[in-house]
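Chemist: Quick check, what structure comes out for this input:
(chains A and B)
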Amino acid sequence: MSLLHVSSPHIHKPFSSVEQVMKQVLLATIPGVLVMTWFFGPGTLLNIIFGSALALGFEAWALWLRGKDFKSPLKDHSVIVTATLLCIALPPYAPWWLIAVGVGVSVLLGKHVFGGLGYNPFNPAMVGYVVLLISFPLQMSSWTEPRGVGDVPGITDAFVALFAASSYDGVSAATPLDLFRQNSGMLFDGLMASKAEMAGVIAGRGWDMVNLAFLAGGLWLLRQRIFTWHAPAGMLAALSVCALIGFDEGSSTGGGSILFHLFSGATMFGAFFIITDPVSSAVSNKGRLIFGALVGVLVYLIRVYGNYPDALAFGVLLMNFAAPLIDQYTQPVVYGTKKIEVDE
Amino acid sequence: MRQIFDIHGGIHPPERKELSDPGFLMDCPPPSKLVLPVTQHIGAPARPIVEVGDTVLGGQMIAEAQGPVSVPVHAPSSGTVTAIASRAVPHASGMTDTCIEITLDGRCEWIKCEGVADWRAESKAALLDRVRLAGVAGLGGAGFPTAIKLASDRTIGIHTLVINGTECEPYITADDTVMQCCAREVVEGAEILAHMVGAETILLAVEDNKHEAAEAMKDASAHLASAEVVTFPTKYPSGGEKQLIELLLNVQVPSGGIPADIGVLCQNPSTAMAVRAALIDGKPLTDRITTLTGMALSKPGNRRVMLGTPIGELLANAGFNSETSDRVIHGGPMMGFAVTDLDMPVVKITNCVLAPTRSEIPPPQPQQACIRCGLCAEVCPASLLPQQLYWFARAKDQEQLERHHLMDCIECGACAYVCPSHIPLVQYYRSAKGSMREASKEKVRSDNSRARFEARQERLERETAARDAKRAARKAAAEARLEAGDDPVQAAIERAKAKKAQQEGDQ
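Modeler: Numbering: from 1, shown residues only, chains lettered A, B, ... in the order given. Down below sits the predicted model:
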């Protein structure tokens, strides 16, 4: 009998694999994507399907170029997660080439130039997003109006928008964050009351529900122990504190309410799906708390004082740069290295 | 009720302890021959004191301790020494070592063993001597010489003796069996140990999945005011010495230190029993209780096994079906190592031999890239950052490995157990630790030679300086004489002149 000579431990936690982790992240996006489909129509869904197919192609190509085995890495679903996260962030009814460029940049420049899965210093989806935002600002700001099912573009419209030459801007409208940034001279309450887009249950119409849905998916991931609470809590707390400081009773030059910031734009999606990317964030729990908090501060600053309506992608990429530095100063106290008081 | 403190991390792997019934101790028929390694402990190997062809009796010392950290080896039964040669021994590296092979005569003749009449009346040194001569080493898995752990320079100020009956590794039920079937002996051993080190408190620590063992310990220790049975929730690796101490006493053993530094001594129940046997029965350590388990065995269970019994023979005895299995593990599934040769013997540290079927413990899955998910850091009982250590180990970055306290890793394997990328993390750490030890040895060597070189340099300089000083002093003295009109040259000339004048005068 030939004996297997392997190192300890000999047993492994059942159902624990990269593939499982990625699958659960994909599952957790479902509520958010469904609510987006309710309010904006099937655009996002189509983007995700198209983007994921492209991503698999880019991944296989990149692996082949690098002389790697390209069959088993495709099964880990990581590239589908990247494409899905990017496509959720893109406006629904984006043209095909926008998605292709975004996915291509994410997979090739965001991931494979650094050595593939696990080696990327930046969040690949956000790399793709920022390249698109800077290169194609018009297409990237054409968000559809959140009308609700029955009043949104149909599946045919979605295909036309995706593959027709010109961009589909028939139903595009300003997002609450756009309105907030363009606001001049109106009190915050006045702004909220005057625009239909602002009249949601919690914050802007539709967007507050989208944020709630991503929050729900994120909390499920937290329960599944895919990540710890530190990064999301850090980001949401910091954003809330900034909003609290900057709100100044809702003057025209103030920074918007806490609820407005928490439930607008990419806040919840970012807090639970983007900054929780373990590869490009800080390592220790303390580090992740700080990482998240600083993203929150950056998001607030760019939203209120910057040139872009939302700021998650910039915030995340800037903090990706800082992650190794944070790691240097946030090493946990190892067993037995605590200073002990000498008891007499 | 004693308060239990939380330890960082930990995992809950399937326990699988039901496979081997801890309530029942089986005997094992003696094998035809025994293979006894001279190193069954941590420290210097013992030196064989028998020769091929010698007949030996059970309990007779066949290899003596060499140096301070070493333990002797005794023959478990009577027979003839048929070989002293290099054989495969249980070790993570699959190495070979000197072994004494005894072919048994089946008569089971023993030397006359004499214990102490009253251990309380004996001096500590005498008790310690008996423990040392009986070849007792830690039976929990590490095999550290027990007499060293009990030696006086380490035990000053020990207040608590912990009998570590945690047995947190899945599958293993050897300590459970010892605590259930030999409760009285364990407690008596604990009493002796406490007496030897001067501990006021004895904590008998048992995980809450071993209810019967805890009850047996309570019954057996009821008469002792100083002893307390403590149960606590089952979690791996609560049985790690450092983890258990934190869990019971809420103090941490300082990094690089030993439990005695904070006044604690940990011993395994089987070790306590072996100490008792050494003192009361005067019997050296020649057998132990070992768990034989795994789905590839038709008759799993706990057996009293003679040290030196080949593992293959033991497995055959337990109904091993080699068709269904492709690995045999010495120890538990978390920290044990794969047996490379079934002729390997049972040694003092063999608390378990695990023969799983292929479906029970499937071959390891291919390693994937680390995604820094941090699950490993969540479960690490030492609060390390395993994912960072992995990257630094791969980069061979010793400075960062040191900064991240690699040496405080206890190799429990919790990180690798949860790793979704199936990275054999412990393997990386072992290898990196090896290179770090090498490097620090190298550093000591180079420091020593630098010190030697500098000392020599200093000595040479000192000698030169001394020579120069001497010369200068001589010169100064000569000059002084000159100044005082005491010119030796002039004097010599004068002397010569005087001599010449005298000669001329003589003529």
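Chemist: and the lengthiest helix in chain B, what does it pack onto?
Modeler: In terms of residue count, the longest helix belonging to chain B (DSSP state H) is helix B:425-483. Packing partners of helix B:425-483 (3 or more CB pairs under 8 Å, 6 or more residues apart in numbering or on different chains; DSSP states H and E): helix B:386-395, helix B:398-403, helix B:414-418, helix B:488-506. No exception for glycine: its C-beta is placed from N, CA and C like everyone else's.
Chemist: one more time with 7 Å
Modeler: helix B:386-395, helix B:398-403, helix B:414-418 (3 or more CB pairs under 7 Å, 6 or more residues apart in numbering or on different chains; DSSP states H and E).
Chemist: As JSON lines, these with distance to B:Arg130 would be great.
Modeler: As requested, these are exported to JSON lines (distance: least, CB to CB, whole Å):
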{"stretch": "helix B:386-395", "distance to B:Arg130": "43"}
{"stretch": "helix B:398-403", "distance to B:Arg130": "42"}
{"stretch": "helix B:414-418", "distance to B:Arg130": "39"}
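Chemist: Compare the ones you listed and give me the one nearest B:Pro237.
Modeler: Closest approach to B:Pro237 among those is made by helix B:414-418 (6.6 Å; CB to CB).
Chemist: which outside residues touch the closest one?
Modeler: A:9, A:11-13, A:16, B:9-11, B:13, B:236-237, B:375-376, B:379-381, B:386, B:423-426 (CB atoms under 7 Å, 6 or more residues apart in numbering or on different chains).
Chemist: One more: stretch B:276-287?
Modeler: B:58-59, B:74, B:76, B:113-116, B:119, B:127, B:130-131, B:134-136, B:185, B:188-189, B:192, B:274, B:304-307, B:348.
Chemist: Can you list which of those residues are found in helices?
Modeler: Among the contacts of stretch B:276-287, the members falling in helices (DSSP H) are B:127, B:130-131, B:185, B:188-189, B:192, B:274.
Chemist: Tell me the one among those residues nearest to A:Leu46.
Modeler: B:Ala274 (72.2 Å).
Chemist: for that closest one, what are its contacts?
Modeler: By CB under 7 Å, 6+ apart, the contact set of B:Ala274 is B:136, B:139, B:285.
Chemist: send the alpha carbons of the worst-scoring helix or strand of chain B on mean pLDDT over as CSV?
Modeler: Here the helix or strand of chain B ranked lowest by mean pLDDT, DSSP states H and E is helix B:152-155, holding a mean of 69. C-alpha atoms of helix B:152-155 as CSV (Å, rounded to 0.1, in the frame of the first residue of the first chain):
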residue,chain,number,x,y,z
SER,B,152,13.7,23.1,40.9
ASP,B,153,15.2,26.0,39.0
ARG,B,154,12.1,26.3,36.9
THR,B,155,9.4,25.6,39.5
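Chemist: how close does the closest residue to chain A within the stretch 1-150 of chain B get to B:Val339?
Modeler: The nearest approach of the stretch 1-150 of chain B to chain A comes at B:Pro13, 5.9 Å away (CB to the nearest CB). In this structure, B:Pro13 lies at 21 Å from B:Val339, with CB to CB, to the nearest Å as the measure.
Chemist: Looking at these two, which one has more neighbours?
Modeler: Neighbour count, other CB atoms under 10 Å in any protein chain shown: between B:Pro13 and B:Val339, B:Val339 has more, with 25 against 22.
Chemist: Where does the prediction get shaky in the chain?
Modeler: Because you didn't say which chain, this covers chain A. Within chain A, the segments meeting pLDDT under 70 span A:1-2, A:149-150, A:165-173, A:182-187, A:191-201, A:249-254, A:339-344.
Chemist: right idea, wrong chain: chain B
Modeler: B:1, B:152, B:506-507.
Chemist: can we see that at 80?
Modeler: Within chain B, the stretches with pLDDT under 80 are B:1, B:92-94, B:141, B:152-156, B:481-491, B:504-507.
Chemist: what does the domain assignment say about it?
Modeler: B:17-28+B:113-306, B:366-473 (automatic domain parsing).
Chemist: From B:Gln252, how far off is the nearest residue to B:Pro37 once chain neighbours are set aside?
Modeler: In space, and not counting its chain neighbours, B:Pro37 is closest to B:Val89: 4.5 Å by CB to CB, 6 or more residues apart in numbering or on different chains. Noted for B:Val89: a distance of 34 Å to B:Gln252, by CB to CB.
Chemist: and the nearest residue to B:Pro14 once chain neighbours are set aside, what does it touch?
Modeler: Excluding the flanking residues, the one nearest B:Pro14 by CB to CB, 6+ apart is B:Pro170, at 6.3 Å. Listed by CB under 7 Å, 6+ apart, the contact set of B:Pro170 reads A:11, B:13-16, B:332-334.
Chemist: How is B:Pro170 assigned, secondary-structure-wise?
Modeler: coil (DSSP: H, G, I helix; E, B strand; the rest coil).
Chemist: what does chain A put close to chain B?
Modeler: A:1, A:3-13, A:16-18, A:20-21, A:76, A:116-118, A:228, A:278-279, A:283-284, A:331-338, A:340 (CB under 7 Å from any CB of the partner chain).
Chemist: Show me which of the residues you listed are buried.
Modeler: A:3-4, A:6-13, A:16-18, A:20-21, A:76, A:116-118, A:228, A:278-279, A:283-284, A:331-332, A:334-337 (16 or more other CB atoms under 10 Å in any protein chain shown).
Chemist: all strands of chain A, in order?
Modeler: Per DSSP state E, chain A carries no strands over any range.
Chemist: Pop the domain breakdown of it in here.
Modeler: Looking at automatic domain parsing, the domains of chain A come to A:16-173, A:174-324.
Chemist: could I get those as a markdown table with distance to B:Pro259?
Modeler: Converted to a markdown table, the domains of chain A look like this (distance: least, CB to CB, whole Å):
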| stretch | distance to B:Pro259 |
| --- | --- |
| domain A:16-173 | 33 |
| domain A:174-324 | 28 |
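Chemist: Having no further points to raise, I will conclude here.
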